[in-house]
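>>> What follows is a predicted protein model with its sequence.
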Amino acid sequence: MSEFIASVRERARARPRTIVLPEGHDPRTTEAAAWLQRDALVQPLILGDPERVAPALREAGGDPGGLDILDPLDPRLRERTRDALVEIRAHRGITVEQAWEHAADPLMLGALLVRWGEVDGSLAGAANATGDVMRAAFWCLGPAPGIQTVSSSFYMVVPDFRGRGSEVLTFADCAVVPTPEPHQLAEIGVAAARARAQVVGDDPRVAFLSYSTKGSAEGPAVDAVREALQRFQEMEPDLPVDGELQVDAALLDWVGNRKAPGSAVAGRANVLVFPDLNAGNIAYKLVQRLAGADAIGPIVQGLARPCNDLSRGASVEDIVNVACITGLTAS
């Protein structure tokens, strides 16, 4: 276990939050819930049929009597979910009948429990597609104040590459927004910086990446990054940020000093904002596979309250780790 993950778990334990796990039918989820409960990392709340969930939790070493198990199909709970969806989605013309059908979906109930403040965050995706998890989040939570772009970050635990030992780099966005406009790219950077302060616990230093460093090349893509930088600075004038930077100038002192002398970020960046999803997704997978980095995420950012997505290939330990991160990002 990396020092970063150990730190995440320890800090989650120090300020435990209640996290709803809507996929109670999935055995990985019940195993993770038992682990989270046993180690007092977060307080799980599981959605599913109690007659199925309780035995599975007990078999995994958990205590069904020590946490709540809610059945989304319980008539009173489903009616409450339906009524909330009718109210929230009235502007989209949802009917009572449509809302009743959606109210059977544990993802909707999970996101609503976050909206109602009855839990601190939601975590799903081991058994559901990302699109379904995100739809529930968009419908029931929406973006954070001042942010319109919901995006994601990966936390890359990388081996020593600049003489400082193993460290954590934030890569954004690698999973959600395919071709961000400049204002969206700025919001991705803002959300990534804010989340890093909560999750990693250090000071973010943000680099907007490009194939150009400080005018070494020109083109529409470079102009977009420059505009994103300007918008970021308007939103967060006190955060260290720079761009446009090539990735070697962002990460390595000797390159940064030559290509961007006087930069507060060059050579020291820990938040890398990629110009589009192609670049971000390719980069995180390359670093993961070629450098042996641990890729933790995607962690959804920019929502009003935490609602995270998992890979459908997630392990029990992945669920535990992202549940802890979800707790750290809860207010």
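Everything's here; your move. Numbers count the residues shown, from 1 in each chain.
>>> hey, C-alpha coordinates of the helix or strand of the chain with the lowest mean pLDDT in CSV?
In the chain, no helix or strand scores lower on mean pLDDT, DSSP states H and E than strand 294-301, which sits at a mean of 90. Output of strand 294-301 as CSV, limited to C-alpha atoms (Å, rounded to 0.1, in the frame of the first residue of the first chain):
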residue,chain,number,x,y,z
ASP,A,294,-0.9,3.5,-9.5
ALA,A,295,-3.9,5.2,-11.2
ILE,A,296,-6.6,6.1,-8.6
GLY,A,297,-9.8,7.3,-10.2
PRO,A,298,-11.5,8.6,-12.0
ILE,A,299,-12.7,10.9,-9.2
VAL,A,300,-15.6,13.0,-10.3
GLN,A,301,-15.2,16.7,-9.6
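>>> all helices of this structure, in order?
3-14, 27-38, 50-59, 75-88, 96-102, 106-115, 130-140, 182-199, 220-235, 247-251, 253-259, 277-290, 316-328 (DSSP state H).
>>> Skipping its backbone neighbours, what lies nearest V86 in space?
Spatial nearest neighbour of V86, excluding adjacent residues (C-beta to C-beta, 6 or more residues apart in numbering): A99 at 4.7 Å. To be clear about C-beta, it is placed using only N, CA and C from the backbone, and glycine gets the same treatment.
>>> For the one you found, give me the pLDDT.
Looking at A99, its pLDDT reads 94.
>>> With D132 instead?
For D132, the predicted pLDDT is 93.
>>> Would you mind confirming that it is in contact with L107?
Yes. With contact defined as C-beta atoms under 8 Å, D132 reaches L107; the gap is 6.0 Å.
>>> out of these two, which sits in the more crowded spot?
L107 (25 against 16; other C-beta atoms under 10 Å).
>>> what's the neighbour count on the nearest residue to G219 once chain neighbours are set aside?
In space, and not counting its chain neighbours, G219 is closest to S212: 7.7 Å by C-beta to C-beta, 6+ apart. S212 has 21 neighbours, counted by other C-beta under 10 Å.
>>> contacting residues for S212?
Counting by C-beta atoms under 8 Å, 6 or more residues apart in numbering, S212 touches E218, G219, V222, V225, E244, Q246.
>>> Next, format those as a markdown table and append neighbour count and pLDDT.
Formatted as a markdown table, those follow (neighbours: other C-beta atoms under 10 Å; pLDDT from 0 to 100):
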| residue | neighbour count | pLDDT |
| --- | --- | --- |
| E218 | 9 | 96 |
| G219 | 10 | 96 |
| V222 | 19 | 97 |
| V225 | 23 | 98 |
| E244 | 27 | 96 |
| Q246 | 21 | 98 |
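>>> ok, so of those residues, who is nearest A12?
Closest approach between these and A12, by C-beta to C-beta: V225, at 34.6 Å.
>>> Many thanks, I have nothing further to ask.
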